[in-house]
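Engineer: take a look and give me a structure for this.
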Amino acid sequence: MSDLLPWQADTWAGLMARARDERLPHALLLTGAEGIGKRDFATRLAEALLCLRPREDGDACGECQACGLLAAGSHPDLRLVAPPEDKKVIPIDTIRAAGEFFALTSQYNGRQVAIIHPAEAMNPAAANALLKTLEEPTPGALLMLVCSQPSRLLPTIRSRCQRVAFALPEPAQALAWLRQRLPGDVDAEALLALAEGAPLAALRLNEEGGLAARQSLSRQWAGLLEGREDPLAVAAQWKPWGLTRSLQWLNSWVTDLIRLKSAGPDAAISNKDLGAQLQNIAQRLDLRALYAFLDQLTEYGRLAANNLNEQLALEDLMIAWRRSAARR
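Structural biologist: Predicted structure coming up:
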């Protein structure tokens, strides 16, 4: 059974109360930042609803036949919908199969649950196909859409779902949770800042060696301005981290540079462990160059949802960054 994260307790209690009173809607839209546990929450809720002997607090018992099937990943009344392996998009056939799943009769306690994650990955045809399922709900069925970018969903889909918004946990709560799960020599605060306050994302970054990689990549990035690094070679080093995460880091660094350039060395910045390096870069560039590069990052962030060639995008960004030195 999935663990309930401490910052989800109030949301969980509210939904459990509604489940006991049979007041759950037919569709929930779970939104919030990536890396705060939305998918785990959806899985736990599905387990609770499909359990044959739930506990008094509504949680799954973990012992009945249904719980055994859930643990084995073979419960017939649960459908998990995601992009096919090695793909980024959920196609129409996958969504049609989910609709056919709801047309079947529940085999256990009269409930059926489907989880779509990430819901924003549906292509336009798939999104339109989902509307039919939303417009013709099956009694006892619950569809959960887990989404970090709800603006990418059709307004007609959003309007047919009841939204459950997950906020980032308070920093003190997130740090306490994170420190219990990290070795003592790991800088939990730097990891959490790197993950923009999302504890599960911070944990994954540590497992992937994110802090060490970020230090190395930041030195290469600084070296571009000094002419010590080749933009294409640096882009190749960034590629394994993906365009989305690369844009996140670059946005954070450039925002800090703008703060340092505007308010001086005492400015409050997010990347405190890179403070000396960022201060050195800030002295090399003017605000116009920094804002121009930030605009370029924003534009690539908008395009990242499309089938963008990530290698070419990263190469373009590194070339543009190197040229920033000439805009002083």
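
Engineer: can you pull the contacts of the residue nearest to residue 301 when sequence neighbours are not counted?
Structural biologist: Residue nearest to residue 301 in three dimensions, not counting chain neighbours: residue 247, with 5.2 Å by C-beta to C-beta, 6 or more residues apart in numbering. Just so you know, the C-beta spots here come from the backbone N, C-alpha and C atoms, and that holds for glycine as well. By C-beta atoms under 8 Å, 6 or more residues apart in numbering, the contact list for residue 247 reads 297, 300, 301, 304.

Engineer: now distance to residue 317, pLDDT and neighbour count too, for the residues you listed, in CSV please.
Structural biologist: Converted to CSV, the contacts of residue 247 look like this (distance: C-beta to C-beta, whole Å; pLDDT from 0 to 100; neighbours: other C-beta atoms under 10 Å):
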residue, distance to residue 317, pLDDT, neighbour count
297, 7, 95, 20
300, 7, 90, 22
301, 11, 87, 15
304, 12, 76, 15
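
Engineer: which ones among these are found in helices?
Structural biologist: Residues of these located in helices (DSSP state H): 297, 300, 301.

Engineer: among those, which one lies nearest to residue 189?
Structural biologist: residue 297 (24.6 Å; C-beta to C-beta).

Engineer: just to revisit the earlier point, tell me if the residue nearest to residue 301 really is in a helix.
Structural biologist: Yes: counting by DSSP: H, G, I helix; E, B strand; the rest coil, residue 247 falls inside a helix.

Engineer: from the contacts of residue 247, which two are the most distant?
Structural biologist: Across the contacts of residue 247 (C-beta to C-beta), the longest gap, 10.3 Å, separates 297 and 304.

Engineer: all the strands of the stretch 151-300 of the chain, in order from the start?
Structural biologist: For the stretch 151-300 of the chain, strands defined by DSSP state E, counting those that start in this stretch occupy the ranges 162-166.

Engineer: which residue packs closest to residue 201, ignoring adjacent ones?
Structural biologist: residue 35 (2.6 Å).
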